[in-house]
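Peer 1: Provide a 3D model corresponding to the input given below.
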Amino acid sequence: MLNVSEYFDGKVKSIGFDSASTGRASVGVMAEGEYTFGTGQPEEMTVVSGSLKVLLPGETEWKWYEAGAVFNVPGHSEFHLQVGEPSSYLCRYLKD
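Peer 2: Numbering: from 1, shown residues only. Presented below is the predicted three-dimensional model:
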């Protein structure tokens, strides 16, 4: 079953799904802006298109991730994004 979510006044939209082979995941799009997301469990984020400037928990420097790049976010934390152009992502929810 698909689960549609919308955040930040519609500037971020995602469709979540469960897959027997890959587990729970979501795909989404983000308009230009700055966003902070909280995690319940560890996440593996893949930039599908565009680019994201990311500040991960415990880090002091922002890092750029271009299309095809992957970064991991610990569970029960927050991370910050700066999106300079419309971008898309795949988020895989990992087990604690």
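Peer 1: Pull up the gap between the nearest residue to Gly38 once chain neighbours are set aside and Pro57, please.
Peer 2: Of all residues not flanking Gly38 in the chain, Glu78 sits nearest, at 5.0 Å (CB to CB, 6 or more residues apart in numbering). C-beta coordinates here come from the backbone N, C-alpha and C atoms, glycine included. Between Glu78 and Pro57 the computed distance is 6 Å (CB to CB, to the nearest Å).
Peer 1: now do Met30
Peer 2: Met30 is 19 Å from Pro57, by CB to CB.
Peer 1: Please identify which of those two sits among more neighbours.
Peer 2: Applying other CB atoms under 10 Å to Met30 and Pro57 shows that Met30 carries more neighbours, namely 21 against 12.
Peer 1: Roughly how far does the more buried one sit from Met1?
Peer 2: From Met30 to Met1 the distance is 23 Å (CB to CB).
Peer 1: Run through the strands of this protein in chain order.
Peer 2: Applying DSSP state E to the chain gives strands spanning 3-7, 12-19, 23-30, 33-38, 43-49, 51-55, 63-66, 70-73, 78-83, 87-93.
Peer 1: Turn those into JSON lines, columns for mean pLDDT.
Peer 2: Below are those laid out as JSON lines (pLDDT from 0 to 100):
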{"stretch": "strand 3-7", "mean pLDDT": "96"}
{"stretch": "strand 12-19", "mean pLDDT": "94"}
{"stretch": "strand 23-30", "mean pLDDT": "95"}
{"stretch": "strand 33-38", "mean pLDDT": "98"}
{"stretch": "strand 43-49", "mean pLDDT": "98"}
{"stretch": "strand 51-55", "mean pLDDT": "98"}
{"stretch": "strand 63-66", "mean pLDDT": "98"}
{"stretch": "strand 70-73", "mean pLDDT": "98"}
{"stretch": "strand 78-83", "mean pLDDT": "98"}
{"stretch": "strand 87-93", "mean pLDDT": "97"}
